[in-house]
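> Generate coordinates for the sequence data below:
(chains A and B)
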Amino acid sequence: MIASAIIVFREVLEAALVVAVILGATKGLKGRGAWVGWGITAGVLGALIVAAFMGEISQSLSGVGQPIFEAAVLLTAVLMLGWHNVWMSRHGKRIAAELKRMGNEVHLGHKSMTAIFAATAIAVLREGSEIVLFLYGVAANGAGAWSIFAGGTLGLAGGVAVGFALYLGIMKIPVRYFFRVTGWMILLLAAGMASQAAAFLNQANLLPAIRDSIWNTSWLLSGQSLVGNILKTLVGYTPNPSAMQLVFYAGTILVIGGLMKLAQE
Amino acid sequence: MKLFINKETSSMSAKKTRMFLVPALAAAGLSFTSSGAGAFSLWGPSAPLPVYKLDIDGRAFVPPTLSVPTGQKFKLIVSNKNAAPSEFESFTLHREQVVTAGSQTIVFLGPLQAGSYGFFDDFQSGVTGTLKVVPAQAAAKQDPAAAAKTSSQAKSR
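Take a look at the predicted model:
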């Protein structure tokens, strides 16, 4: 049960951190709770579907369907987060002013909230499908329903708790810096996802690594540790990035950051 | 039209049809540029990649240690012998791939620098293995399968 709890915790944690950043970054937008809530719901449903068809996905495209799927999903999330950020750099000042003045929420179009919905759904779908597959495996190995339920619930609660703590921390950021900080958080989140996508494309033999390890900080912080895992999700920490991963990481920051500058009023 | 095809060729042709999807995808907008002649090809390089095999059997990787030469691209076929899904994962190799129950998957790897790279089954805590990447000269005289075999024997001794 403890083993299941730990694995479920790790997966939930990754999704919860992404959702916490998204929820934090959309402070002051009317209806954000509902959009993120529907994103989570869609993500859970998507996770069940993806898990059910994982066999077909991984056997497709000559056996590399899964990494291609992962890369496509990650790059979609990068687009969504980038879109949100560019759009926020246009309206952020107004929202901050509104919040400061009367604590009012600002109503903005559905289109911009769709990006929030999609990015949330994707984060939940990716980690959720792994949880479903894992728990299915635990059940197939003959674990009792109670043990699966207890382990799953414990892991879920732990992951959500850490995500919630991050959210509370984000909400404590003074309004003056708020959107600048959350903008950077979303940007680094997107860059990390892009670098992971590069690794998946390399895994599928579609993209060269150029050079496999540019540096190695495993001695300092292993990717397997809790902190390493949290940083991997939040800022794309990898102990030994490949050159291509660095190109994707820097490229994402430059492109989205550049568009944000252009979009500023 | 062939009426009698053995299992081998029929699975090959199924594979070939699927291969068409990828160039089609690439043509549809994702264009991948090659970095230097022969260093990288979109699909199926002219010389087939060396193949290494790794099983997930019960709570262990078989062989637990796999040796490959440096500077070489290769295909790792991971077979899951269990009735439950597994996930072949490694932080230092940047790999994360689900292997559903009783199936196998292809993980492309390399070229890698010399060193030890740990991997694990993300769905079974404590199930780990090591990929040893050794200088090419040391491994040059052995063919991949033999190299893998000797390393696993050395480990079990």
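> contacts and neighbour counts: CA atoms only from here.
OK.
> Tell me how many other residues crowd residue A:231.
Residue A:231 sits with 19 neighbouring residues when counted by other Cα atoms under 10 Å in any protein chain shown.
> any chance you could read off phi and psi for the residue lying closest to it once chain neighbours are set aside?
Spatially, and ignoring its direct neighbours in sequence, residue A:231 is nearest to residue A:237 (5.3 Å; Cα to Cα, 6 or more residues apart in numbering or on different chains). Dihedral pair for residue A:237: phi -60, psi 130, per degrees, to the nearest 10.
> Please, which helix or strand holds the residue of chain A found nearest chain B?
Going by Cα to the nearest Cα, chain B is nearest to residue A:137 of chain A, at 4.3 Å. Assessed by DSSP states H and E, residue A:137 sits inside helix A:110-140.
> which secondary structure elements does that helix contact?
With contacts taken as 3 or more Cα pairs under 8 Å, 6 or more residues apart in numbering or on different chains; DSSP states H and E, helix A:110-140 sits against helix A:2-25, helix A:32-52, helix A:65-102, helix A:145-171.
> Point out the most buried one among these.
Most buried of the helices and strands packed on helix A:110-140 by mean neighbour count (mean count of other Cα atoms under 10 Å in any protein chain shown) is helix A:2-25; its value is a mean of 23.
> What is the distance between that helix and the centre of its chain?
Remark: helix A:2-25 is offset 9 Å from the chain centroid, using Cα atoms, centre = their mean, to the nearest Å.
> tell me what that helix is packed against?
When contacts are defined as 3+ Cα pairs under 8 Å, 6+ apart, helix A:2-25 sits against helix A:32-52, helix A:110-140, helix A:145-171, helix A:175-203, helix A:226-235.
> Enumerate the positions of the last one that are buried.
The reference is to helix A:226-235. By neighbour count on 16 or more other Cα atoms under 10 Å in any protein chain shown, the buried set for helix A:226-235 is A:228, A:229, A:230, A:231, A:232, A:233, A:234, A:235.
> rewinding a little: so can I have TSV of the helices and strands packed on helix A:2-25 showing mean pLDDT?
Formatted as TSV, these follow (pLDDT from 0 to 100):
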stretch	mean pLDDT
helix A:32-52	96
helix A:110-140	92
helix A:145-171	95
helix A:175-203	95
helix A:226-235	95
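> Nearest to residue B:98, out of those helices?
helix A:110-140 (8.4 Å; Cα to Cα).
> Looking at chain B, which residue is nearest chain A?
residue B:84 (4.3 Å).
> so that residue sits right up against residue A:142, yeah?
No: here residue B:84 does not reach residue A:142: they are 10.2 Å apart, not a contact under Cα atoms under 8 Å.
> which one is residue 106 nearest to, not counting chain neighbours?
The chain I'm using is chain A. residue A:29 (5.1 Å).
> that's the wrong chain, I meant chain B
Once flanking residues are discounted, residue B:106 sits nearest to residue B:77: 4.7 Å by Cα to Cα, 6+ apart.
> Confirm that neighbour sits in a strand?
Yes: counting by DSSP: H, G, I helix; E, B strand; the rest coil, residue B:77 falls inside a strand.
> my guess is it meets residue B:104, correct?
Yes: with contact defined as Cα under 8 Å, residue B:77 counts as touching residue B:104 (6.6 Å).
> Neighbour count: the two, which is higher?
The neighbour count for residue B:77 versus residue B:104, taken as other Cα under 10 Å, is higher for residue B:104 (22 against 16).
> ok now do that one, which residues does it touch?
B:77, B:78, B:79, B:80 (Cα atoms under 8 Å, 6 or more residues apart in numbering or on different chains).
> contacting residues around the first one?
Read that as residue B:77. B:51, B:52, B:53, B:54, B:104, B:105, B:106, B:107.
> Mind doing that once more with 6 Å?
When contacts are counted by Cα atoms under 6 Å, 6 or more residues apart in numbering or on different chains, residue B:77 touches B:53, B:105, B:106.
> Reformat these into TSV and put secondary structure, pLDDT and neighbour count next to each item.
Shown next, in TSV, are these (DSSP: H, G, I helix; E, B strand; the rest coil; pLDDT from 0 to 100; neighbours: other Cα atoms under 10 Å in any protein chain shown):
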residue	secondary structure	pLDDT	neighbour count
B:53	strand	97	18
B:105	strand	94	24
B:106	strand	94	23
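> returning to that earlier point: against residue B:84, how distant is the residue of chain A closest to chain B?
4 Å (Cα to Cα, to the nearest Å).
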